[in-house]
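Peer 1: Quick one: sequence plus predicted model below, questions after.
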Protein chains: 2
Amino acid sequence: MPELRKDPVTDRWVIISSDRANRPIDFMEIKEKNKKNLSPFSAGNEAMTPPEIFAIREQNSAPNSPGWSLRVIPNKYPALKVEGELSRQGEGIFDMMNGVGAHEVIIETPDPQKNFVDLDNNAIRDIFRVFRERILDLKRDIRLKYAIIFKNKGLAAGASLEHSHSQLIATPIIPKTVAEELEGARGYYQLKERCIFCDIIRQEIKDNIRIVFEEELFVATEPFAPRFPFETWILPKKHFSHYETINDDHILHLAITVKTVLQKINIALKSPAYNFVIHTAPMQEKPMNDFHWHLELMPKLTNVAGFEWGTGFYINHTSPEEAARYLKEITV
Amino acid sequence: MPELRKDPVTDRWVIISSDRANRPIDFMEIKEKNKKNLSPFSAGNEAMTPPEIFAIREQNSAPNSPGWSLRVIPNKYPALKVEGELSRQGEGIFDMMNGVGAHEVIIETPDPQKNFVDLDNNAIRDIFRVFRERILDLKRDIRLKYAIIFKNKGLAAGASLEHSHSQLIATPIIPKTVAEELEGARGYYQLKERCIFCDIIRQEIKDNIRIVFEEELFVATEPFAPRFPFETWILPKKHFSHYETINDDHILHLAITVKTVLQKINIALKSPAYNFVIHTAPMQEKPMNDFHWHLELMPKLTNVAGFEWGTGFYINHTSPEEAARYLKEITV
């Protein structure tokens, strides 16, 4: 059973889930395994995964059989599990709780050769629509406080399978970085009675030195203080705190914006590994004036990991103005 | 000139230093360059580096010529520079300051073939002694608030040169993660009037399920809530807040402890890339009862970077108890 443990000094929670890799040698074998195996996510291989939670599939096709275009399954090696009561325990000065939560995989296409960016606008729209539906379903379980939606593309970005997929982890606590972001935004609102993200969007559009792409409903911009080269944020121009309140029209615009930005990044940086994470408000909370959902996209270009992890101090050798200039010029 | 920029939402400072890699293509060439180049850090190649700040060298040998066993130089591509007045500026809602600080490289051996762990105890002692001397020198500049000492070993851990070296970055602000750690430790002290690290050491030695190595003055333990598999903390058993107050006797014991732990990790995990970071109190502050310097060592085994970076939520598939059991058994 996975465990949630709290660092007693920094109050950072960590998931300890030893089911998967528990011999040191396992770390060395990951690359090999990926190349040899057939994709368990392909059409026809449905029996290789746990039974599906949700699917977009042809009428009359049976669950867990071919005929689908998108499939949601529980993670075979979940970081958190839905079963069990949430219980907190101590171990001397240390705090822990059992790993109650959810860990789902969104298989974005039945075709193992297709990347996210190769999918057409409607298929990408379906992915973002399913993100919404899964949050709306999970929030009915009031033990779950937060839903993190993310995509790891490429081994360097932490993907253990090449077949295009994204993930959802629902947690019984609000992650530390999320709490800090909420708190920072709240502090600004208390001072100015304006959403800080709305102010950022206004200033970025006015300055126009870090904008990568802009359309009717969404804007993609390099942030003022990016941790990583070519880090790009995609924000809805209109204020919404919760991703799951997005409507179908906005979803299509979001799909087009994300696809456009990824195409630019692929051309500029030769299709790098990347992560994206949706930053949204805690799902049990009412709509907020002081938080603004957005998507943060981070190409994985450098290996400066450990030092930054250790200190929280990021060194970035590409200014966001330079990165925006490159990406903006590229036509897709 | 490098710039320090603050994220307006989370108050995280980032160093933007565009001197080095400013074309996207630069990211793709790093691996190649490393293999082809001769080491600029080798004996005889002193002219390839900026002039030395400090060296341990044979009597009568001239600065910036062979005859040294350890050499400290300014980083050729510094993230921060010593020159200039510290000035804060705004750009609309954004805050920045110029990149005043220091960035030094400690070349640990003149031999490009030798790894840190291959050095004898006295050579490793010299490295830790020089860390102390450099902090004592830099703290005289009262613009500098914090000194981060770290080592990146291996490309995967962010090292751009294979020749064994460590780095020191002195900053005009206290990094966010450091501030949080200080604050967490202070909160505990206010509640209990005891140092939290002293309590952790006591409990770990008593429980003896996460200890990797223990000797007279130092202990190496897996933390209760590690972010990474085989993350190991090395702490002095006696309470000291500032690394730079370490005496020569303690330094030799530290050198032996770090070397022993690294030898165990190298055997268990086939000499992985790794980072270590010294966590110490801000250098302009007096000795503190509530903070306890220590060294955090993180083998770089997994690629789960982006998601964790994005959310502050760490998933670790190896429990610290398992990791400790492996490492403890290995005799070196």
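Peer 2: Received it, and whenever you're ready, just let me know what you need. Numbering: from 1, shown residues only, chains lettered A, B, ... in the order given.

Peer 1: Tell me where chain A has helices.
Peer 2: A:26-36, A:121-138, A:176-192, A:196-207, A:248-269, A:305-311, A:320-329 (DSSP state H).

Peer 1: and among those, the most buried is which?
Peer 2: Stretch with highest mean neighbour count among the helices of chain A: helix A:305-311 (a mean of 24; mean count of other C-beta atoms under 10 Å in any protein chain shown). In short, each C-beta sits where N, CA and C put it, glycine included.

Peer 1: And the closest residue to residue A:7 other than its chain neighbours, how far from residue B:313?
Peer 2: Nearest in space to residue A:7, with sequence neighbours left out and distances taken as C-beta to C-beta, 6 or more residues apart in numbering or on different chains, is residue B:225 at 4.3 Å. Distance check for residue B:225 against residue B:313: by C-beta to C-beta, to the nearest Å, it reads 12 Å.

Peer 1: Spit out the residues that contact the two alike.
Peer 2: residue A:13 (C-beta atoms under 8 Å, 6 or more residues apart in numbering or on different chains).

Peer 1: which strand residues sit across from the most centrally placed residue in chain A in the sheet?
Peer 2: For chain A, the residue nearest the mean C-alpha position is residue A:150 (1.7 Å; C-alpha atoms, centre = their mean). As for beta bridges, residue A:150 partners with residue A:167, residue A:277 under DSSP bridges.

Peer 1: Give me every residue in the stretch 51-200 of chain A lying close to chain B.
Peer 2: Taking C-beta under 8 Å from any C-beta of the partner chain, the part of the stretch 51-200 of chain A that reaches chain B is made up of A:79, A:91-94, A:148, A:150, A:152, A:155-158, A:169, A:171, A:175-178, A:180-181, A:184-185, A:188, A:196-197, A:199-200.

Peer 1: mind giving me a markdown table with the helices of chain A and columns for mean pLDDT?
Peer 2: What follows is the helices of chain A, written out as a markdown table (pLDDT from 0 to 100):
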| stretch | mean pLDDT |
| --- | --- |
| helix A:26-36 | 48 |
| helix A:121-138 | 98 |
| helix A:176-192 | 94 |
| helix A:196-207 | 97 |
| helix A:248-269 | 97 |
| helix A:305-311 | 67 |
| helix A:320-329 | 96 |
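
Peer 1: Save those helices as CSV, and put in distance to residue B:279 too.
Peer 2: Formatted as CSV, the helices of chain A follow (distance: least, C-beta to C-beta, whole Å):
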stretch, distance to residue B:279
helix A:26-36, 25
helix A:121-138, 37
helix A:176-192, 17
helix A:196-207, 31
helix A:248-269, 34
helix A:305-311, 8
helix A:320-329, 29
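
Peer 1: out of those, nearest to residue B:64?
Peer 2: Nearest to residue B:64 among the helices of chain A is helix A:305-311 (27.6 Å), distances taken as C-beta to C-beta.

Peer 1: tell me the contacts of residue A:87?
Peer 2: Applying C-beta under 8 Å, 6+ apart, we find residue A:87 in contact with A:97, A:98.

Peer 1: from memory residue A:290 sits against residue A:186, does it?
Peer 2: Yes - applying C-beta atoms under 8 Å, one finds residue A:290 in contact with residue A:186, separated by 4.9 Å.

Peer 1: of all of the stretch 51-200 of chain A, which residue lies closest to chain B?
Peer 2: Residue of the stretch 51-200 of chain A nearest chain B, by C-beta to the nearest C-beta: residue A:177 (2.9 Å).

Peer 1: how about that residue, what does it touch?
Peer 2: Contact analysis of residue A:177 by C-beta under 8 Å, 6+ apart lists B:10, B:310, B:311, B:312, B:313.

Peer 1: Chain A next: which of those are close?
Peer 2: Applying C-beta under 8 Å from any C-beta to the contacts of residue A:177, those adjacent to chain A are B:10, B:310, B:311, B:312, B:313.

Peer 1: residues near the last one, how many?
Peer 2: Number of residues near residue B:313 (other C-beta atoms under 10 Å in any protein chain shown) recorded here: 25.

Peer 1: Roughly how far does the closest residue to it other than its chain neighbours sit from residue A:299?
Peer 2: Leaving aside its chain neighbours, residue B:313 sits nearest to residue A:175 (4.3 Å; criterion: C-beta to C-beta, 6+ apart). The gap separating residue A:175 from residue A:299 is 22 Å, by C-beta to C-beta.

Peer 1: neighbour count winner among these two?
Peer 2: Ranked by neighbour count (other C-beta under 10 Å), residue A:175 and residue A:299 place residue A:299 first, with 29 against 22.

Peer 1: isn't that one right up against residue A:274?
Peer 2: Yes - contact criterion C-beta under 8 Å: residue A:299 and residue A:274 qualify, at 4.6 Å.

Peer 1: hey, what's in contact with both of these two?
Peer 2: What both residue A:299 and residue A:274 touch, as defined by C-beta under 8 Å, 6+ apart, is the set residue A:265.

Peer 1: how close does residue A:89 sit to residue A:102?
Peer 2: Distance, residue A:89 to residue A:102, by C-beta to C-beta: 21 Å.

Peer 1: Mind checking which of the two has more residues around it?
Peer 2: Higher neighbour count among residue A:89 and residue A:102: residue A:102, with 23 against 10, using other C-beta under 10 Å.

Peer 1: Contact partners for the residue nearest to that one when sequence neighbours are not counted?
Peer 2: Once flanking residues are discounted, residue A:102 sits nearest to residue A:170: 4.1 Å by C-beta to C-beta, 6+ apart. By C-beta under 8 Å, 6+ apart, residue A:170 lies in contact with A:80, A:101, A:102, A:103, A:138, A:141, A:144, A:146, A:147, A:148, A:283.

Peer 1: Just the buried ones from those residues?
Peer 2: Taking 16 or more other C-beta atoms under 10 Å in any protein chain shown as the criterion, what is buried in the contacts of residue A:170 is A:80, A:101, A:102, A:103, A:138, A:144, A:146, A:147, A:148, A:283.

Peer 1: For the nearest residue to the last one once chain neighbours are set aside, give me the pLDDT.
Peer 2: Across the structure, with C-beta to C-beta, 6+ apart as the measure, the residue nearest residue A:283 apart from its sequence neighbours is residue A:139 (4.2 Å). At residue A:139 the predicted local distance difference test score is 96.

Peer 1: burial of residue A:139, as a residue count?
Peer 2: 18.

Peer 1: How about residue A:91?
Peer 2: Residue A:91 has 12 nearby residues by other C-beta under 10 Å.

Peer 1: now swap in the one 3 residues further on and tell me
Peer 2: When neighbours are defined as other C-beta under 10 Å, residue A:94 has 17 of them.

Peer 1: The closest residue to it other than its chain neighbours: what's it in contact with?
Peer 2: Excluding its sequence neighbours, the residue lying closest to residue A:94 (C-beta to C-beta, 6+ apart) is residue B:224, at 4.6 Å. By C-beta under 8 Å, 6+ apart, the contact set of residue B:224 is A:5, A:7, A:8, A:91, A:94, B:200, B:210, B:320.

Peer 1: Tell me the one among those residues nearest to residue A:330.
Peer 2: The closest of the contacts of residue B:224, once distances to residue A:330 are taken by C-beta to C-beta, is residue A:7, at 41.9 Å.

Peer 1: How confident was the prediction at that closest one?
Peer 2: At residue A:7, pLDDT is 91.

Peer 1: And for residue A:68?
Peer 2: Here the pLDDT value assigned to residue A:68 is 98.

Peer 1: ok, it - contacts?
Peer 2: A:43, A:52, A:55, A:56, A:57, A:58, A:61, A:110.

Peer 1: hmm, try it at 6 Å
Peer 2: Residues near residue A:68 by C-beta atoms under 6 Å, 6 or more residues apart in numbering or on different chains: A:55, A:57.
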